[in-house]
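1. Got a sequence here, can you model it:
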Amino acid sequence: MALVLGLTVAACGGGDRKNETDTVAPVVTATEAPEFASPTLQAIKRRGRLNCGVHEGLVGFAYTDNRGEWRGFDADFCRALAAAVLGSPNAVRFVPLTSSQRFDALRSGRIDVLWRATSWTMSREISEGVRFAGINYYDGQGFLVRRALDLASAAELNGARVCVQRETTSELNAADFFRARNIEYRPVVTANEEAARNAYAREDCDAFSADISALAAARTLLPNPEQHAILPDVISKEPLGPAVKRGDESWTSIVRWTLNALVLAEELGVTAGNAEQLAKESRDPQIRRLLGVEGDLGASMGLSKDWAKNAIEATGNYGEIFNRNIGPDSSLDLARGLNAQWKARPGGLIYALPIR
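-> Predicted structure coming up:
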C-alpha cells in the first residue's frame, strides 16, 4: 500500500464532486533570526572589566609570579578575551577558585567565564548549569611516581596509595581504572592540587593521579624533579576548555569565537608581531576577515571590527600562547602532541572553525 505524506482535503463545493484527495503542502512562516544580545557582555562593558575564574595556582596554566602578576596558558586566554571584548588585555580580574568552587562561581555570576583546566563532560554540562565554549587543550589522566619504585605501568600499582583531588574527574577516573582491572588501591583524597602534591611529596601516597599537564607542573615543584616519572598510561580523555553560565547563548558564542580566532591565527601565520602589518597589507580574504579589514563580524557580536586583532596582539596566537607557557619556551616543555595544528606532521586536533 502506498503511503501518502501530507494533509488531505476532500474536494467540496458546487459542481461535480470528485472522489479524490488533494495533497496540501504544510505552510512555513518565515521568521527573523533572534537578535544577538548578551546580558553578560552588557554587564562586562558596564563594569569595564572581565571576571575570569582560574586555578588557584598551577604552574604553566594559572599562577602568580614574584611580582604578583597572573601568568600561564589559561591566564593568557583570559587576557585575550578581555582584549576582544574591552580592547585591553589588562581589563581582567583573575578570580582564583578551587575545583569545588568553580561552577558555583559561574552560576552565581561571580565570574563571567571559567578558564581553569576544566574537562568538558556530559554530566557537567547537563547538571552544573554551564556551557562549554570550546576546547583549548586536549589532555589525559596519568600517574606520577617515584623512579625508585621502578614501575613500568600503572597496572603495577596493586595495593598502592594514590593521591587524587576531591570533586574532580581525576577521582572518578582513577576509581574506574582500578575497578575495571580488579586492582586494589587506596585513594588518598585531598582538597586541591597543592594538597595532593604535598601529600605525594611527604610520601603519604605512592602515586599522584591527575591530568598529565598538571602532573608535569607538579613535578617541577618537587625538591628533586628528576627523581619522579610520569608513567606511560593515559587512562582518560580530558578535553579542557572555557565554561560559561547556561542561558546566555550570545556570550557563549563570543567566548567560542575568540578562542577560534587565536587558533585560526596560528594556522594563517598571524602573530602578535605581524597582525598590524597584515591588516594593512594582506590580500588573503581569510586574514582580512580575521583582522576586521573586511566584513562586520565584530559588530554582529556587539564588538569592535578589530576584536580578533586585539586578542591576537594581546597574547599572540594559539601556538605563541602554548610555547610561552607550557611548551618549549617554558619549564614544563610539553610537546604539542594532540594539541598540534591539524595540518602539522604528525597532525593534532587543534582545528579552527571557519570565521566568515
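
2. can you pull the buried residues of stretch 173-191?
-> 173-174, 177-178, 185, 187-190 (16 or more other Cβ atoms under 10 Å). No exception for glycine: its C-beta is placed from N, CA and C like everyone else's.

3. Could you pull up the contacting residues of the nearest residue to R181 once chain neighbours are set aside?
-> Once flanking residues are discounted, R181 sits nearest to A155: 6.3 Å by Cβ to Cβ, 6 or more residues apart in numbering. Applying Cβ atoms under 8 Å, 6 or more residues apart in numbering to A155 gives the contacts 181, 183, 233.

4. measure A275 to L262 for me?
-> Going from A275 to L262 by Cβ to Cβ, to the nearest Å gives 11 Å.

5. Show me the common contact partners of the two, please.
-> Residues within reach of A275 and of L262 at once, by Cβ under 8 Å, 6+ apart, are I312.

6. quick one: which of those two has more around it?
-> A direct count of neighbours by other Cβ atoms under 10 Å for A275 and L262 places L262 higher, at 28 against 24.

7. Name the residues that touch stretch 241-256?
-> So stretch 241-256 is contacted by 36-41, 77, 81, 84-85, 103, 106-107, 109, 112-115, 118, 120, 124, 129-137, 259, 301-303, 353 (Cβ under 8 Å, 6+ apart).

8. max-length helix in the chain?
-> Longest helix in the chain by number of residues (criterion: DSSP state H): helix 249-268.

9. where's L215, which helix or strand?
-> Element membership for L215, per DSSP states H and E: helix 212-221.

10. Distance of G241 relative to G53?
-> Counting by Cβ to Cβ, the separation of G241 from G53 is 13 Å.

11. For those two, indicate the residue with more neighbours.
-> Higher neighbour count among G241 and G53: G53, with 26 against 22, using other Cβ under 10 Å.

12. what about G53, which SS state?
-> strand (DSSP: H, G, I helix; E, B strand; the rest coil).

13. let me fix that: S100
-> Following three-state DSSP, we place S100 in the coil state.

14. got a list of what it touches?
-> By Cβ under 8 Å, 6+ apart, the neighbours of S100 are 166-167, 191.

15. try P89
-> Taking Cβ under 8 Å, 6+ apart, we find P89 in contact with 79-80, 82-83, 314-315.

16. wait, which of the contacts of A155 is closest to L58?
-> Nearest to L58 out of those is D233 (Cβ to Cβ; 21.5 Å).

17. Leaving out chain neighbours, which residue sits closest to the most centrally placed residue in the chain?
-> Centroid-nearest residue in the chain: G241, 1.0 Å away (criterion: Cα atoms, centre = their mean). Nearest residue to G241, sequence neighbours excluded (Cβ to Cβ, 6+ apart): I135, at 4.2 Å.

18. just checking, that neighbour is part of a strand?
-> No: I135: not assigned to a strand; according to three-state DSSP it is coil.

19. and A207, how many neighbours?
-> 24.

20. for it, which residues make a bridge with it?
-> V145, V162 (DSSP bridges).

21. Next, the contact list for it, please.
-> 143-145, 154, 157, 160-163, 200.

22. T169 too?
-> 119, 121, 141, 236, 238.

23. swap in Q227?
-> Taking Cβ under 8 Å, 6+ apart, we find Q227 in contact with 146-148.

24. Strands of the stretch 51-200 of the chain, start to end?
-> Ranges of strands in the stretch 51-200 of the chain, per DSSP state E, counting those that start in this stretch, are 63-64, 70-71, 92-97, 113-114, 130-132, 137-139, 141-146, 160-165, 185-190.

25. before we move on, back to that, now, among the contacts of S100, which is nearest to E320?
-> Nearest to E320 among the contacts of S100, counting by Cβ to Cβ, is E167 at 33.1 Å.
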